[in-house]
Each structure stands twice: as C-alpha cells, then as structure tokens.
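Participant: Here you go, sequence then predicted model.
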Amino acid sequence: MKKLIIYFIIFCFLSAYSFVSCEKDFLQKPMGSDLNIDSVFMTYEKALGAIAQAYGQSAASGITILGWDGDRRYGMAGGTLSHISGELNALKFDWEDAWTVQRGGMNANRGNGMALSEDGYAFNYRAIRHNLLVEENIHKVVDLNDEEKERIRAEMRVLTAYRYQEMFKRYGGVPVVAKSLTGENNDGNIRRASLQDVLDHIIFLCDEAEKVLLDVHPPHFKGRATKGLALAVKAEALMYAARPLFNSAVPYMDLDEHNDLISFGNYSQQRWQDAIDASEAVIKWALDNGYGLINTGNPLSDYGTAVSTPGNMEVLFAYKTLAASEAVYSPRSQSGGANGMSFYQLQQYRKADGTDQEWPDDGVEASYDDYVERIEDMEPRYKASAAGAGMQAWNNPNSEWFSSWRLANYSDWSGRAGTEACGRRTKFWYNAGPRMWFEYPIYRLAEFYLNLAEAYNEIGNAPKALENLNIIRRRAGFTNDIDETDQNVLRGIIQREWAVEFYEEGHRLFSVKHWKLPDIDNGIIGGPKKSFVFQYSPGRSWGETPEHYVSYSVETVYTGFWMQNQFLTPFPQVEVNKGYLIQNPGY
C-alpha cells in the first residue's frame, strides 16, 4: 500500500503540478494550527503532496487552463492572455472577462472590490505563502538528509522568485514577504517595495537557489526546478527591467512621490548588459546539460515538437498537467474561449520564402481558392500553430481529430469569435491525435536567444544581435539571414520575431506594453480589430469542408480599448481600501 501511495504522489508531480490531479490544499489551515503543519512534514511521503502543490500554485500564473475559472486563480474567467494581447479575436459574450477587458479595459473594481484584470492578485501571495511554509518546515521531515532538505528549500525559493517576477512585469513594485505570515507577525501593513527592491529580491532568491539546485533530476522527478530555472527566472526579470517601460527617467504616468514603484527613474544601458549576461548564462547551462534548439531541417516538425511534445529538449520548465477533459483549453472545444487568430497576428508571419504575404485590402472580397493559395504559402511556424478554414490541420495531417469537419463542429468558429478569424489554434498539439491535455511551456530555450538579439541591438552590437536572431530564423526554415544593421529597423524585426515564435505562450501582452509600441492603440491591443470574414455556400452559416466556402474578406470586427493606465495592472480596490497599497496610476 505504501508503494502505491508513493507512486500516486510521483504521478501527481509529473502529470499535474496542477489543481486538476492534486487539488487538496495541504496547508490550507491557518499557520496557528501546528498540528496540521507537523503532520504534513512528518515524512517525505507526506511532504511530497505539499511540494507538488507548490509547483501547481506557482507555475500556473497567467495560464488559463479552465474555460471558466470563477475565482480567477489562474487568470481570467473566460479568456486568456492571448485574447487581450491582440493575438486572438476576443470573446463574443459580455459576461466573459476577455470581452470586457478588450472593449473596456482593466479596472480596479469589477463590482465586488476585486480587480478586473488578467491576474488574480491575492493568489500570488497564497502561492508565495505556501512556498514559504514548505521552506520553513521541511527541516521537520525525519527521512530526508540535510542536503535534500536544502534542495527543497531552493526549489521553493525559485518558485517564489518566479511568482514575484510575474507580478513585477504586471504591477511594478509589489509587497515583498520574506516569511510566512501569521496573526502574530502580520500587522497588515506590508507596503509596496520599489521596482529596484523587488528586482533585487528576485535576483537574490534566484542566486541562492542556483547554488543548491540540481542540473538534472532523476527521471521520476523530471520537471522539478533545476539550476536552469533559477537562471531563466533571473534572466526574464532582468529583460523586463531593461525594456523601456521601466528603464526610463520618466514613468509612463506620474505617481508623484511614488514613481519608484513604476519606474527606475533613469535610463541605464547597463540594464541591457545585465540581461545579456543572464541570458547567456541560461544558454550555456542548457547546452551543457542536454538542452538545445530542435533543428533537424524540418521546420514544421521541429517547431511543432518544441512547443507541443511533453519533456522535449527545448523546454526548460513547463506547467505539467494531465487532464483528459474538455475543461482544458483544447482546439476541439470552446472551453477556454475563442481560438481564432487575429489578422494583426497573421500579418506578423511571413511566407515560407521569407517575404511578406499580401492579403486583400480591407473590405475587398476574394475567392476561397485565393485564400487557400495564400494560406498554403505561409511559413511553417504558422502551419504548426493554426489550421486554415475548411482545411486539415497541417500539424496533424492524418488525424481525424484535427480534420476540418471536427474542428468546425467542436468549436464553431463563427459562433464563438464572431468570425472564423485567421486560423484556429492547434499550436500545442503537434501530432497529438486524440490527446487533449498539453504541457504549457513556461521557459523555452528560444526565448533566451531572442533576449540576446533584442538586448545586443539595444546596446548597439548589431553583429551579435543578428547572430542570435538568425539562429531562431534558421530553425524556422528561413535560408535568407537578416543582415539589417539600422538599430530602429532591426528592433522592429526582432519584435516581429518575438510575436511569431512565442504566439500564445504568454509573452505578447507584456512585451508590447514594456516595449511601449507606438501602435499599441491602433490594432495591437486597442483600435480596430480585424479578421477574415468568410462567405459560405447557400444555407450554411459556417464551414466544415472546402465546398462550404465561397469567399473571404478582411473586416474590422470590433474596436479594442486602450488608455495609458493599461500599461500596468490595477491592484484590487478592496486591497487599496485597506490603506497599505498605493494604486497604480489612472485607476
């Protein structure tokens, strides 16, 4: 029986850091209940459940797994980051969070004192508290040696650092909690720390964890935090510190004497150099430990494998779940929201020959045959990420589960997104067949090559920027290397590469804000939101197979919302009213 329990806990670890398989809150009782804490940390077998839950709570930041997450633990209730970033057409129904945010913006109070945003603010600290409780109590486990206990403490530190990094890019400065809070040591007055203090805390946690963590775990614990995760969290935090939103003498809006919560108060090129050093450390560690970009010369398969296949050599850390349920946001269900790619996102992709595709002018109707010809010319990363209207998914060419008929019937494109859009999500299911679950890639090695391309360009080192940029482009199948050296032009090329390489991987919303893109209010987040609109054969309101389609056109299907205050996320008004939080400007 004991062996069965151990195998079950390991299964929870490998298949679900998540609430799906390990939903019980092992440390749910207040800290004052010493009996609960002592019982959890009596043996390693029991403590593994709490450790697994720490992964589930911390790694889920911003990942909307459920179609309807009513308490908004993992993101929005009805929608994903992709819906409000401009990657997807936002949802159709006004009771869904993504609909409201795209059309009216985030706000500090959705009617009950809680914020309408893409983050469940309180759940950040629930996750951090859980991590701290494990870190503070793992010494009680009798059947672990001191080295093993210290590694678990390091795992908790890096998970906490990840959660702070996620808040750092959303809110700016946030309260920093150094130990678990109880009625005895919590005066309810932990105020926001400055940007610099939060960044320093993230770096401290990562550096401390990196000293202790393993490079590789035994196979039965694959997926737990490694030295590479500590390096990756640090590198991402430093990239956001270097980008224009924070790395500026002038904040995006004035917060009076509290500007250090949302701006460093100066521009420093050293921040870009720090980001370079950190990303190079990630790549060196990865290459030394069996990771690498997947590049066999078959770009659709290589990219498809990198973003879809669990445990592949490019993914440094993933949110693991095994939920054979329509609740998981699947290309064959409406759960998780509309799956239709926006026209703006489609325009970020190139044709397979590296040139730009030309689409019909707005409102000009063209034949379905014209659509098929043009969409078939698109680069492999598009084909590994989306399915064309009325077409078999390119990344599942022989699968009935990804046929045009099944995709249309399982998630009526026209009913959910308002239009069929510019391609249906299939990205995370390369050759998946009937598999519905997926492992969301949190850190993929390609990120750090693009970090280097971006940061080297910003310090004026075009040759190194191009070297790293072209590594990613070659894997994508392009034989024509970019040789542009004008900093402004190259910046745009690199930003476009980010948009394509990391479509729907949770980067876009924060990247465009921290880059402060000039068109952020004109089709990216705000402004006209365009899509393909299809005309069908008589008697049909949507298409299943090619003979159902007559024509298509590019149309504006709604107008997105943007104001300056949207650069950062609002704190819930209920927390601001307690008097310890300074609200971000404009809310």
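Facilitator: Okay, I see it. Numbers count the residues shown, from 1 in each chain.
Participant: Which pLDDT does the model give Thr160?
Facilitator: Thr160 carries a pLDDT value of 98.
Participant: mind checking how far the nearest residue to it once chain neighbours are set aside is from Ala50?
Facilitator: Distances taken as CB to CB, 6 or more residues apart in numbering put Asn131 closest to Thr160, at 4.6 Å, once the chain neighbours are dropped. Placement of C-beta: from N, CA and C, glycine included. Here the distance between Asn131 and Ala50 works out to 10 Å (CB to CB, to the nearest Å).
Participant: Looking at the two, which is more packed in?
Facilitator: More neighbours surround Asn131 than the other of Asn131 and Ala50, with 28 against 24 (other CB atoms under 10 Å).
Participant: mind exporting the helix or strand encompassing the more buried one as PDB, just the C-alpha atoms?
Facilitator: Assignment of secondary structure by DSSP states H and E places Asn131 within helix 121-137. Extracted C-alpha coordinates of helix 121-137, given in PDB (Å, rounded to 0.1, in the frame of the first residue of the first chain):
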ATOM      1  CA  TYR A 121      -3.600  39.300  -7.300                       C
ATOM      2  CA  ALA A 122      -4.400  37.600  -4.000                       C
ATOM      3  CA  PHE A 123      -3.400  34.100  -5.300                       C
ATOM      4  CA  ASN A 124       0.100  35.300  -5.900                       C
ATOM      5  CA  TYR A 125       0.500  35.600  -2.100                       C
ATOM      6  CA  ARG A 126      -1.300  32.400  -1.500                       C
ATOM      7  CA  ALA A 127       1.300  30.600  -3.600                       C
ATOM      8  CA  ILE A 128       4.200  32.500  -2.000                       C
ATOM      9  CA  ARG A 129       2.900  31.700   1.500                       C
ATOM     10  CA  HIS A 130       2.600  28.100   0.600                       C
ATOM     11  CA  ASN A 131       6.200  28.100  -0.700                       C
ATOM     12  CA  LEU A 132       7.400  29.800   2.400                       C
ATOM     13  CA  LEU A 133       5.700  27.300   4.700                       C
ATOM     14  CA  VAL A 134       7.400  24.400   2.800                       C
ATOM     15  CA  GLU A 135      10.700  26.200   3.000                       C
ATOM     16  CA  GLU A 136      10.300  26.900   6.700                       C
ATOM     17  CA  ASN A 137       9.100  23.400   7.700                       C
END
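Participant: which other helices and strands contact it?
Facilitator: Contact partners of helix 121-137 among helices and strands, from 3 or more CB pairs under 8 Å, 6 or more residues apart in numbering; DSSP states H and E: helix 34-40, helix 44-59, helix 146-171.
Participant: Could you dump the ones you listed into a markdown table and include distance to Gly297?
Facilitator: Written out in a markdown table, the entries for those read as follows (distance: least, CB to CB, whole Å):
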| stretch | distance to Gly297 |
| --- | --- |
| helix 34-40 | 50 |
| helix 44-59 | 33 |
| helix 146-171 | 34 |
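Participant: between the ones you listed, which one is nearest to Ser263?
Facilitator: Across the helices and strands packed on helix 121-137, the minimum distance to Ser263, taken as CB to CB, is reached by helix 146-171, at 13.0 Å.
Participant: does Ile482 count as helix, strand or coil?
Facilitator: What DSSP: H, G, I helix; E, B strand; the rest coil gives for Ile482 is coil.
Participant: if we can go back for a sec, pick out the shakiest of the helices and strands packed on helix 121-137, pLDDT-wise.
Facilitator: Out of these, the stretch the model trusts least by mean pLDDT is helix 34-40, with a mean of 75.
Participant: Pull the contacting residues for Leu245.
Facilitator: By CB atoms under 8 Å, 6 or more residues apart in numbering, the contact set of Leu245 is 252, 513-516, 567.
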